[in-house]
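> Predicted structure and sequence below. I'll ask about it afterward.
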Amino acid sequence: MSDEHGGHEKAGIFRTYVWSTNHKMIGKQFLVTSFVFLFIAGFLVLSLRWQLANPGKPVPVLGRLIFATAEQREKAPKDIADAEKELAAAKDDAAKKKAQENLDNANKRAAGLGAVNDQQFIMLTSMHGSLMIFFVIIPILVGAFGNFLIPLHVGTHDMAFPILNAASYWVFWLACVFAIAGFAVEGGAASAGWTMYSTLSELGGPGQTMWLISLTLVGFSSIMGAVNYLTTILKMRAPGLSMWRLPLTTWAQFITAVLQLLATPVLAGALIMLSCDRLLGTHFFTPGGLMATYVPQPHSGGNVLLWQHVFWFYSHPAVYILVLPAMGMASDLLAVGARKAIFGYKAMVYSITAIAGLGFIVWAHHMFMSGMKPGLGTAFMISTMLIALPSAIKVFNWLGTLWRGSIRFDTPTLNALSFVSMFIIGGLSGIFMAATPVDIFIHDTYYIVAHFHYVVFGGSLFAVFGAVFFWFPKMFGRMMNPMLGKLHWFLSFVFFNLTFFPMHIIGAGGHMRRVQIGDYDWLAPFHSWNVFITHSAIVLGFSQILFVFNFFWSMYKGKPAEANPWQSNTLEWSIPSPAPEHNYHVIPEVYNGPYEYGVAGDKEYLPQTEKSAGPPAAH
Amino acid sequence: MLGLWGSIATLLLVMAGSAWAQQPPGPAPGSQEAGWWLPYAASDYSDRIDDLYKGIFIITGAMFFLTEGLLVAFCILYRRRPGVKPHYTHGSNAAELTWTLIPALMLLGIAVWQIPTWNYIKKPDWDAMAAAKDTTVVDTLGQQFKWNFRYPGTKEKFKADNAEYDINNLSNLRVPFGNTCLLNLRSADVIHSLFIPHMRVKQDTVPGLRQRLWFKPNRIQLVNLKKPPTDTGKKTPKGEPYLQQDFEWVYEPKDFEKGGRHFDKKIAVSSVSKYSLKNGVLAPLNPAMKHRMLHQGVVSDGKTWDECDWAIGIFEIACAELCGLGHYTMRAFLTVEPQAAFDYWLKDEAVNSSEPDKVWNYWRDVPKKVAEVPEPPKKS
């Protein structure tokens, strides 16, 4: 890591690792921060799964520490001792019976200490979703890979606005502080679902406000990043590098930045309005006559559905922010792995653009059951059906890329192939919920949970695994261990499916999301599935340790990497690994598109910086 | 070329799928066991929803096998082998056109196909439905964490200023068999969602808005009390065995009338507050309690549980939208019962009605200002 400064004047440790304006360091900062949150959010969901499989039993190892207060921990043995004393002192039968009851209750309380309670349960669901979306997937895809790759891919020294770039990370870091601090306030962190539907979010405790502050900061961070990416891609491309010669990774980052720039301000507006409701006594999202547990609430005149509209107007495009960069990276990994040009490069770009464009007119498909006018439901159903089309085109083009290729099954390719196969399942299950009458039944069930985990975990996160493995040499100058990489891929792929596929089954059976089975009789038979899912999820969670171990171990002990270990064409592989501090000593000249593999002549691949000897390439 | 083979394969798969789709779906009728499919459907439009689900399942299933099959096939066929060079191509416009148009037509087909069902469910003539003789109108209010169901009692309509005529039936929705049930939904505090899985009903209740919802139960479950329940082999979350009572479905209201199949049966029709539905078994809360029984079209009180041979099965009602820490406890029941039993209950409740839950008094007329919220009336 330290030898990346080459012949330049060495910056101090603080300027190198903390307040760095170098896009590569900021990318790495985003990457490591998101990994930390991946584990926090993963721990949250494993605790939640534990409660579903073992209701009322303490979470092993950490449960007593985290889910019970110090007061409870101290009080439990005291209660038992008191009850035992009382039992010993009891004289007649009635007193004995009462004392025995007290003792049983005290023992029960002690045994259940460290189990997830009802309030913690909904907090875990809410924070798992919020953290995974806003602090893991978006920062990894956009913050880490956007930052690291865009200047390399466009052939320039750094981002257009390096200081703004650093500010984007540190505002994000501040958001992380607020997100974590939320757990420490009275009543715990936000617990109204990651969607924070009014009026539940209005009535909740201070954790709700912490969530709002934290997300507003994330929004600012995103907007700063988006401005930077757009300017860099539009203005700083190397000579000869037309837009149609950009790798799909960078195209996807470009479109994603447009989405972020247009949608995030709406979220910021919504969040500020909700904060005003909570802190300043406005009534944007609260109607009159509310009565929580028989206590009339001092609100009037607001509209509950307004929150859903403004929230989803951002958060639906955000769903595509969660997957478009992954699509771009998976495309690149597949082309390199199959040694073949992307099939229908322009169709790929057009379909990314179409997804982004249509992404702005489908938001209300989250609200089919909200009581919106049924006619609107039909309109949004049709636009939602349409948005499945560009995704289908992309899938067929990925298949076309593999067709008659020469596929090399290294870790990045395996992860990219998993991305495609899991994205197919996530895409197809989406058609069920796009169909409004079917959505009546499967809305708010585990079917939805299965669907978006297939897209966001099965899709995006597998692409991230592949991308980290692929670009690791350019980041740290060493290769990650391929054996560990493949083992991690295999375990993740198998246990991912064992965790999330059964959710389709219990979802079709009507198991609602965000609930414990409780007393519901028709859900009781699903308990065995819940146990199965929990066990798979635990193995899936622990498999990720392999990845993190591989990551940090390879950083110091990995095999030193050559400049172009994957025989890839794009610009970043024309410079040494790790990338020097200012990337390109001389700004490269670009002659080809990024996907010239298997070209005529004796060359197996043709880097973008080399003049073609044979017939001119297609683009 | 790929597109042609793709469409042929898809067509074949769709045909195979349609043959399979003739089979009845999922768990055997009446089974409360968790199957691999949707739960048993018991309302007017539930079959239409299930047919759509089935159709989309076939289409997406075909696409699943097509795309994943090609992915696996390509991985095997085009793995790296010495001496085999990859094919050099940047794509084909004909292929792009094929795999744009075919999915587009399929998606539009699915889109158009479902619109009539959606309109049937969501856009009935509400006024005509509310005025129809065979419609039971129930005011429904969600609050943390229970469902209130209010009936108009002895009067024809809800009396805004005459609360004593209205019957609030907490956590228990009763509907006469053969009637359409029209629910006026409201929420007192946060968003809830009324979910009756077996009726394929789900509708958010939004504070400040009134929602309407209708469904028409078209079968009820008669539980056999005289046969011992069988063990399903499944365990509940508490580790208890999950049992299955023997029962049959009734499809026609006239089966309970003279000459009908169930006319002579002794059927317990008590309020759900006297039963529990636990681990798959319907049982009285207290063996000493007296029950109401329907026998030969006549309802009589004061029977013991053992005197009844059958009982009316219960459908569960849930909340599907996160509404706070007690969200998962917001359980209610739907009883679809023969008309005679429903009429008897309504009359009985109207005569012996207790004071309606105070939550309704706030909601009768939403006050303009908080200061005007009246105190709940004291019981005299």
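It's in.
> which ones are touching the residue in chain B that chain A sits nearest to?
Residue of chain B nearest chain A, by Cβ to the nearest Cβ: B:G208 (2.6 Å). All C-beta atoms are positioned from the backbone trio N, CA, C, and that covers glycine. Applying Cβ atoms under 8 Å, 6 or more residues apart in numbering or on different chains, we find B:G208 in contact with A:287-290, A:302-304.
> so, in contact with chain A or not, the longest helix that chain B contains?
Of all segments of type helix in chain B, defined using DSSP state H, the longest is helix B:46-77. Yes - Helix B:46-77 reaches chain A (Cβ under 8 Å from any Cβ of the partner chain) through B:48-49, B:52-53, B:56-57, B:59-60, B:63-64, B:67-68, B:70-71, B:74-75.
> repeat for stretch B:131-149
Yes - Stretch B:131-149 lies within reach of chain A by Cβ under 8 Å from any Cβ, at B:143-144.
> Show me what the mean pLDDT comes to for that stretch.
Per-residue pLDDT over stretch B:131-149 has a mean of 89.
> Check stretch A:325-335 too.
Mean predicted lDDT for stretch A:325-335 stands at 96.
> again, but for stretch B:36-56
Stretch B:36-56 comes out at a mean pLDDT of 90.
> ok, now stretch B:280-294?
Mean predicted confidence for stretch B:280-294 is 87.
> Report the buried residues of that stretch.
B:280-282, B:284, B:291-294 (16 or more other Cβ atoms under 10 Å in any protein chain shown).
> roughly how far is it from the heart of the chain?
A distance of 24 Å separates the centroid of the chain from that of stretch B:280-294, by Cα atoms, centre = their mean, to the nearest Å.
> Only C-alpha atoms, please: export it in PDB.
C-alpha atoms of stretch B:280-294 as PDB (Å, rounded to 0.1, in the frame of the first residue of the first chain):
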ATOM      1  CA  GLY B 280     -54.300 -26.800  14.000                       C
ATOM      2  CA  VAL B 281     -57.100 -27.800  16.500                       C
ATOM      3  CA  LEU B 282     -60.300 -25.900  17.200                       C
ATOM      4  CA  ALA B 283     -61.200 -26.400  20.900                       C
ATOM      5  CA  PRO B 284     -63.300 -24.700  23.500                       C
ATOM      6  CA  LEU B 285     -61.400 -22.400  25.900                       C
ATOM      7  CA  ASN B 286     -63.300 -23.800  28.900                       C
ATOM      8  CA  PRO B 287     -65.000 -27.200  28.900                       C
ATOM      9  CA  ALA B 288     -67.800 -25.900  31.200                       C
ATOM     10  CA  MET B 289     -68.800 -23.100  28.900                       C
ATOM     11  CA  LYS B 290     -72.200 -23.300  27.200                       C
ATOM     12  CA  HIS B 291     -72.300 -23.100  23.400                       C
ATOM     13  CA  ARG B 292     -74.700 -22.100  20.700                       C
ATOM     14  CA  MET B 293     -75.700 -24.900  18.300                       C
ATOM     15  CA  LEU B 294     -77.300 -24.900  14.800                       C
END
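> which outside residues touch that stretch?
Here stretch B:280-294 has contacts from A:521, A:524-525, B:32, B:223, B:225, B:229, B:232, B:242-245, B:256, B:266-271, B:273-276, B:299-305, B:307-308, B:311, B:313-314, B:338, B:340-341, B:344-345, using Cβ under 8 Å, 6+ apart.
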